[in-house]
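[1] Please work out how this folds:
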Amino acid sequence: MEEEIKKLVMRFEAHTIEHLGVKMYSHTPPAIAELIANSYDACARIVNIRLYDGEQFRIEVEDNGDGMTFEEVNDHFLRIGRNRRKEKQLNSCERKPTGKKGLGKLALFGLGNKITIITKKEKEQVKFTLNYSDILEWNGTDYTPKFEITKIGNQTGTIIVLEELKRRTNYPLEDYARSISKLFNFKDKDFKVLISLNDGEPIEIHNKLKYDNITPQFEWKFDEIKNISVSDYEEKGNIEGKLITTEKPLKPGLRGITLFANGRLVNSAEFFGRSESSHFYSYLTGWLDVDFIDNYQDDYISTDRQSLNWENEVTNKLKIYLSETLKALEKLWRNKRKELKQEKIKEITNVDVSIWLKNVPDNIRALLEPVLEVLDDSELTAEEQTSTVQNLHTMVPDYPYFHWRQLHVKIQDASEEGYKNKDYYKAFLEAAKRYANETRTKSGSTSTDQGMMGEVYGAGKIISVCGNYKKTDGTDFTDSTIRNIEEGQKLLSMGIVSGGRNPLSHEEIKELRDSDLFSEKDCLDGLSLLSHLMKRLDNSV
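    Residues are numbered from 1 along each chain as shown. Below is the predicted model of the structure:
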């Protein structure tokens, strides 16, 4: 008697479908996405997704793709785990297949118990039904669903009808459309996906839909920033996409960078290991096409297409590069955001923050700068930040240690350049010239500055600096008070020319400064006096 040959056998139970299909695709959009991907791989130009939540809940997905023959249904569709790329299955277009695990069809059982497939090709229509309950109870080696073959014309395409659905609540059409759009990034303009509810007006699912409810503040095409990372990466030239930041923080579900390969999601939105404690990551979203990840012999994409396997050398290099790129982009974003905010502040308040900081002493600047940096990184609105900066500028104006803000506006205008450069001699001289010119314009005098001051100011002269003033009860001031102020204007005006402007015009500034005969403080005092005299002149008659 011959000895029995022993062998080990691996068996697959029908409940495998429960783990690879039912539990993995329990939400409607990801499961529908698998059908859309099948239609794309079948060279469809249009896919219609029809949802029904009336008396009978069902989902229909119809495309005008290549369809399948009876043999192709058997050899391709009903083979679980088939890799169509390795078999190099031909299609009528040049699209690269998006699927390769052969598990996507199991997603159908995540939505419904009964699935009817109607597919047309080569003048034949094949119709068959897969019933999940029957599959679980099947005792044979292979599950053999019943089918019908009908002769037809030259039509092609496939219809899949899902019934006995597990979800029996109303379908949020717009939410589904947006959710499905986030699972694809097809570049083929000849591929259109429509979704409708109860045969109503359909919504087109396109790439822009995923970001249509956000308002970008800054945008970067990846090609523009591919070299900002300190980490180099050999595939960086093959990465495409766009990164977007918003003015206000995004809702958590909209944050992060999504990765696509050959038009399909391969990694849900994330920041590739960057700490999300920074405000930057509350404003950042976008997508990148990394098609090369799907071209390796080894498969680095998880079965549910929600993440890459980062625990290997190939994908880890990508993760490090993207992480460093986001780190560099954060710095770029902060600078652009700061510049934009300062432009808005200047537009509203006329405060140029960069110039303002230059015009305050070093010790005050050291205190102001950290406060302004916190404002730049805060969650304050533009209006709130502008108001805060305006209040700070009021408390700490340009040149806060001096009397600049109390000077007459015409004296400020004349002396500003010298004042900013801390050349107070020049500031005084220019202000003195302005006062003399204003006096000459109002009086019409043609005398020298010194002579003019004595001619036009004083009691009974051409310019009266007291003529517009009355006591609070409406009566006149005494003649003595009026005469004293008028004479004072004359003498001070003559003195500012004789004792101030003339010495600075004819003597070396260095000698006057170093000897302390006419110091910088004297210049500042002179500016205060000129401010007083200019005020009198402005209010004169």
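[2] what helices or strands is the strand or helix carrying I345 leaning on?
    Per DSSP states H and E: I345 is located in helix 313-349. Counting contacts by 3 or more Cβ pairs under 8 Å, 6 or more residues apart in numbering; DSSP states H and E, helix 313-349 is packed against strand 216-221, helix 222-225, strand 240-246, strand 284-289, helix 353-358, helix 362-376, helix 382-395. In short, each C-beta sits where N, CA and C put it, glycine included.
[3] Buried deepest among the ones you listed, which one?
    When the helices and strands packed on helix 313-349 are scored by mean count of other Cβ atoms under 10 Å, the highest mean neighbour count falls to strand 284-289 (a mean of 22).
[4] starting at the chain centroid, how far to that strand?
    Relative to its chain's centre, strand 284-289 lies at 11 Å (Cα atoms, centre = their mean, to the nearest Å).
[5] about what we covered before: tilt between the helix holding I345 and strand 240-246?
    40 degrees (axes from the mean of the first three to the mean of the last three Cα atoms, to 10 degrees).
[6] which parts of helix 313-349 are buried?
    Buried positions in helix 313-349, judged by neighbour count with 16 or more other Cβ atoms under 10 Å: 315, 318, 320-322, 324-327, 329-330, 333-334, 337-338, 341-342, 345-346, 349.
[7] chain center to that helix: distance?
    Put simply, helix 313-349 sits 9 Å off its chain's centre (Cα atoms, centre = their mean).
[8] circling back to that earlier point, the helices and strands packed on helix 313-349 into TSV, with extra columns for mean pLDDT and distance to S480?
    TSV is the format used below for the helices and strands packed on helix 313-349 (pLDDT from 0 to 100; distance: least, Cβ to Cβ, whole Å):
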stretch	mean pLDDT	distance to S480
strand 216-221	96	67
helix 222-225	95	77
strand 240-246	96	71
strand 284-289	96	75
helix 353-358	83	47
helix 362-376	79	46
helix 382-395	77	41
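[9] Show me where the stretch 151-300 of the chain has its helices.
    173-181, 222-225 (DSSP state H, counting those that start in this stretch).
[10] Export these to TSV and append columns for distance to P145.
    Listed next are the helices of the stretch 151-300 of the chain as TSV, based on distance: least, Cβ to Cβ, whole Å:
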stretch	distance to P145
helix 173-181	28
helix 222-225	46
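[11] just so I know, which of these lies nearest S531?
    helix 222-225 (52.2 Å; Cβ to Cβ).
[12] Using CSV, write out every CA atom in that closest one.
    Provided in CSV are the C-alpha atoms of helix 222-225 (Å, rounded to 0.1, in the frame of the first residue of the first chain):
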residue,chain,number,x,y,z
PHE,A,222,5.3,73.0,-5.8
ASP,A,223,7.7,73.7,-8.6
GLU,A,224,8.3,77.2,-7.1
ILE,A,225,9.3,75.8,-3.7
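[13] elements contacting it?
    Using 3+ Cβ pairs under 8 Å, 6+ apart: helix 222-225 touches strand 240-246, helix 313-349.
[14] Residues touching that helix, excluding its own?
    Helix 222-225 is contacted from outside by 239-243, 288, 325, 328-329, 332, using Cβ atoms under 8 Å, 6 or more residues apart in numbering.
[15] roughly how far is it from the heart of the chain?
    From the chain centre to the centre of helix 222-225 is a distance of 15 Å (Cα atoms, centre = their mean).
[16] what's across from F218 in the sheet?
    T245 (DSSP bridges).
[17] tell me which of the contacts of helix 222-225 is nearest to Y132?
    L288 (37.1 Å).
[18] my read: E219 touches L243, true?
    Yes. At 7.3 Å, E219 counts as touching L243 under the criterion of Cβ atoms under 8 Å.
[19] Contact partners for V541?
    463-464, 467-468.
[20] In space, what's closest to it - neighbours in sequence excluded?
    Nearest residue to V541 in three dimensions, chain neighbours excluded: G467, at 3.7 Å (Cβ to Cβ, 6 or more residues apart in numbering).
[21] how about stretch 415-432: buried residues?
    Quick answer for stretch 415-432 (16+ other Cβ under 10 Å): 415-416, 418-419, 423-432.
[22] on that earlier part again, which ChimeraX command selects the buried ones in the contacts of V541?
    The ChimeraX selection below is limited to those of those classed as buried (16+ other Cβ under 10 Å):
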select :463,464
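[23] how about the helices of the stretch 351-500 of the chain, start to end?
    Using DSSP H, counting those that start in this stretch, helices in the stretch 351-500 of the chain cover 353-358, 362-376, 382-395, 409-420, 424-443, 449-456, 479-495.
[24] Now do the contacts for the residue nearest to K336 when sequence neighbours are not counted.
    Spatially, and ignoring its direct neighbours in sequence, K336 is nearest to F218 (5.7 Å; Cβ to Cβ, 6+ apart). Going by Cβ under 8 Å, 6+ apart, F218 touches 244-245, 333, 336-337.
[25] Just send the buried residues of stretch 415-432 back as a markdown table, with pLDDT and distance to A459 too.
    Putting these into a markdown table (pLDDT from 0 to 100; distance: Cβ to Cβ, whole Å) gives the following:
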| residue | pLDDT | distance to A459 |
| --- | --- | --- |
| S415 | 94 | 30 |
| E416 | 91 | 35 |
| G418 | 92 | 35 |
| Y419 | 89 | 34 |
| D423 | 93 | 38 |
| Y424 | 92 | 34 |
| Y425 | 94 | 33 |
| K426 | 95 | 34 |
| A427 | 94 | 32 |
| F428 | 95 | 28 |
| L429 | 96 | 30 |
| E430 | 96 | 30 |
| A431 | 96 | 26 |
| A432 | 96 | 24 |
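[26] Which single one of those is nearest to R513?
    Using Cβ to Cβ, those come closest to R513 at Y425, 7.4 Å.
[27] if we can go back for a sec, between the helices and strands packed on helix 222-225, which has the poorest mean confidence score?
    In terms of mean pLDDT, the lowest-scoring of the helices and strands packed on helix 222-225 is helix 313-349 (a mean of 89).
[28] okay, the angle between that helix and strand 216-221?
    Put simply, helix 313-349 runs at 140 degrees to strand 216-221, going by the same axes, to 10 degrees.
[29] Helix 313-349 to helix 382-395, inter-axis angle?
    Using the same axes, to 10 degrees: helix 313-349 against helix 382-395 is 60 degrees.
[30] With distance to A31 and pLDDT added, can I get the contacts of V541 in CSV?
    Converted to CSV, the contacts of V541 look like this (distance: Cβ to Cβ, whole Å; pLDDT from 0 to 100):
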residue, distance to A31, pLDDT
I463, 91, 95
S464, 93, 94
G467, 91, 90
N468, 86, 91
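[31] After the helix or strand of the chain with the lowest mean pLDDT, which helix or strand is next?
    The weakest-scoring helix or strand in the chain, judged by mean pLDDT, DSSP states H and E, is helix 84-87 (a mean of 56). On the C-terminal side of helix 84-87, the nearest following helix or strand under DSSP H and E is strand 112-121.
[32] Please parse the protein into its domains.
    16-206, 216-333, 350-395, 404-538 (automatic domain parsing).
[33] From N38, how far out is H27?
    18 Å (Cβ to Cβ, to the nearest Å).
[34] Have a look at those two and say which one is more surrounded.
    Neighbour count, other Cβ atoms under 10 Å: between H27 and N38, N38 has more, with 23 against 14.
[35] Run the angle between the helix or strand where the more buried one lies and strand 112-121 for me.
    N38 belongs to helix 28-41 when assigned by DSSP H and E. Here the directions of helix 28-41 and strand 112-121 differ by 10 degrees (the same axes, to 10 degrees).
[36] Tell me the first helix or strand C-terminal of helix 28-41.
    For helix 28-41, the succeeding helix or strand toward the C-terminus, using DSSP H and E, is strand 46-53.
[37] name the helices or strands packed onto that next one?
    In terms of contacts (3+ Cβ pairs under 8 Å, 6+ apart), strand 46-53 is packed against helix 28-41, strand 57-63, strand 192-197.
[38] got the end-to-end distance for stretch 208-222?
    End-to-end span of stretch 208-222 (Cα to Cα, to the nearest Å): 17 Å.
[39] Give me the below-cutoff pLDDT ranges for the chain.
    For the chain, applying pLDDT under 70 flags the ranges 1-26, 81-91, 100-104, 139-141, 377-380, 399-403.
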